[in-house]
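Novice: sequence and predicted structure are below.
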Amino acid sequence: MSDAFNDREKGFERKFQLDQDQQFRALTRRDRLFGQWIAGHLGITGDAVAAYATSVVESNFEKPGDEDMLDKVRNDLVAKGVSVPDADLKAKLVAFQNEAAAQIVAEKK
């Protein structure tokens, strides 16, 4: 009987680990999509778009939550003299979160 419980426990642990991995991948993809969108506002083109998007992704590892990433993006926008309202930034994060989650789910199939 204890083998069944151990198997069940291991199954729950694997599912939790997979869910955490999927959530991390979706957030990273969201941040990359967001970085690409911001790059367009900053006039960044070509290979520099991917590099900028990577810097946005990396900026979100500094502190929990999205404020560190949003601060970086806001500073970059101000430095280029581009104005994007905070409401638009946050709305895009939500839209990209949904898009990233859908992409991750589609890849699993």
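Specialist: Perfect, I can see it now.
Novice: surely residue 48 touches residue 39?
Specialist: Yes. Using C-beta atoms under 8 Å, residue 48 is in contact with residue 39, at 7.3 Å. Glycine gets a C-beta too; all of them are placed from N, C-alpha and C.
Novice: quick one, which of those two is more surrounded?
Specialist: Under the criterion of other C-beta atoms under 10 Å, the comparison of residue 48 against residue 39 puts residue 39 first, with 21 against 12.
Novice: pull the contacting residues for residue 81.
Specialist: Under the criterion of C-beta atoms under 8 Å, 6 or more residues apart in numbering, the contact list for residue 81 is empty.
Novice: and the pLDDT for it?
Specialist: Confidence at residue 81, expressed as pLDDT, is 95.
Novice: other SSEs contacting the strand or helix carrying residue 32?
Specialist: Secondary structure from DSSP states H and E places residue 32 in helix 2-42. If contacts are counted by 3 or more C-beta pairs under 8 Å, 6 or more residues apart in numbering; DSSP states H and E, helix 2-42 sits against helix 47-59, helix 67-80, helix 86-108.
Novice: centre of the chain to the longest one, how far?
Specialist: It stands for helix 86-108. Centroid displacement of helix 86-108 relative to its chain, using C-alpha atoms, centre = their mean, to the nearest Å, is 8 Å.
Novice: what's the angle from that helix to helix 2-42?
Specialist: Per axes from the mean of the first three to the mean of the last three C-alpha atoms, to 10 degrees, the angle that helix 86-108 makes with helix 2-42 is 130 degrees.
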